[in-house]
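*Asks:* A structural model of the following input is requested.
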Amino acid sequence: MLISVEMPDSAEAAHAGLRTGALPLGGGTHLMTRLNDAATGDLRLVSLRKAGLSGIRVEGGDASPGTAATLAEGATVTLGAATTLAEGAIVTLGAATTLADVEDDARLSCLSPCVRSIASPPVRSLATVAGNLFVPQPYGDLAAALLALDAELDVLGADGARREPLDRVVADGLPAGDLVTAIRFTAPAEGTFRFYKASRRRLNSGSIVTVAARITIEDGLVGDVRLALGGLSRRLLRASGAERVLRGAPLTPEVIAQAAEADAIEPFDDAYASAWYRARVYPVHLRRALLGS
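*Replies:* Okay, here's the model as predicted:
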């Protein structure tokens, strides 16, 4: 039973509330449905809505002339001439930034296919970036994209602030009471990031298979590659086996078919698809994600 909701005005105050056993509340698009659908014990929530954790900051990239980016402290900066990220720009997303904020920022157009595949506009106006990192599969499509982009998390913990690779947090979780305050990643070179989601319907559908990849081609061969998979396990998967197959090889349907067999997946049954179907169509969707056909 929900017994209280705190609304602190700083990250430090929010962290203090979490350390007493409360749970963080971002947009509530997943957590509140759980509370409505299942019996729980006494539950206290800490809302992050006013904790100063929203905003998008880009260092080393420009955006449209005359527009402004709202930062975590409410300041604004006038941006330059381009609407896309410069390669190597560092993007910092406040933990409570909504998916709609990401969708509406022209500089983050590389993430648009991912964000627009998630739920519906009303849900995206509430759901937060950090919340998407911790929802169970077959959700968490933005988390898959950020995993492929080698994102890192700023975390407040018992020993103060630290930085954690998203890779490790996906695998091991975070200690109870820790608070994610921001997510940062390096902008990929143009044309190197790919996202593909197979679902039952265009909007408001969990994933059957999600593929997110950052991949470079050098002299006709795959160079650097990071591959993240959703819908094929109860948590996101880093497809390190597929990466090894692809690296140094030509990006052909035959090589991709070999890559699809290189990782141990653990698909599951749910309302969207059966485990058998997910395993069956994964190679097809991996090929579509990497080749576009």
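*Asks:* Now do the strands in the stretch 101-250 of the chain.
*Replies:* Ranges of strands in the stretch 101-250 of the chain, per DSSP state E, counting those that start in this stretch, are 152-157, 160-165, 179-186, 193-199, 207-218, 221-230, 237-238.
*Asks:* Let's test this: mean pLDDT of the fourth one, rounded?
*Replies:* If I follow you right, that is strand 193-199. The pLDDT scores in strand 193-199 average 96.
*Asks:* Okay, angle between it and strand 221-230 too, please.
*Replies:* Taking axes from the mean of the first three to the mean of the last three CA atoms, to 10 degrees, one finds strand 193-199 and strand 221-230 inclined to each other by 40 degrees.
*Asks:* what's near enough to touch the nearest residue to Leu2 once chain neighbours are set aside?
*Replies:* Leaving out its chain neighbours, the residue that sits closest to Leu2 by CB to CB, 6 or more residues apart in numbering is Leu43, at 5.1 Å. For the C-beta atoms, the positions are set from N, CA and C on the backbone; glycine is no exception. Going by CB atoms under 8 Å, 6 or more residues apart in numbering, Leu43 touches 1-3, 23, 35.
*Asks:* Which members of those residues are the farthest-apart pair?
*Replies:* Across the contacts of Leu43, the longest distance by CB to CB is 13.3 Å; it joins Met1 and Leu23.
*Asks:* neighbour-wise, which of those two wins?
*Replies:* Neighbours per residue (other CB atoms under 10 Å) separate Met1 from Leu23, with Leu23 holding more: 12 against 8.
*Asks:* Quick check: nearest residue in space to that one, chain neighbours excluded?
*Replies:* Leu45 (5.5 Å).
*Asks:* Quick check: mean pLDDT of stretch 116-133?
*Replies:* Mean predicted confidence for stretch 116-133 is 95.
*Asks:* Show me which positions of that stretch end up buried.
*Replies:* 117-119, 123-133 (16 or more other CB atoms under 10 Å).
*Asks:* ditto for stretch 283-293
*Replies:* Buried, per 16+ other CB under 10 Å, within stretch 283-293: 283, 285-290.
*Asks:* need the residues you listed in a markdown table with distance to Arg202 and pLDDT, can you?
*Replies:* Formatted as a markdown table, the buried residues of stretch 283-293 follow (distance: CB to CB, whole Å; pLDDT from 0 to 100):
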| residue | distance to Arg202 | pLDDT |
| --- | --- | --- |
| Pro283 | 23 | 98 |
| His285 | 16 | 97 |
| Leu286 | 21 | 98 |
| Arg287 | 21 | 98 |
| Arg288 | 16 | 97 |
| Ala289 | 17 | 97 |
| Leu290 | 22 | 97 |
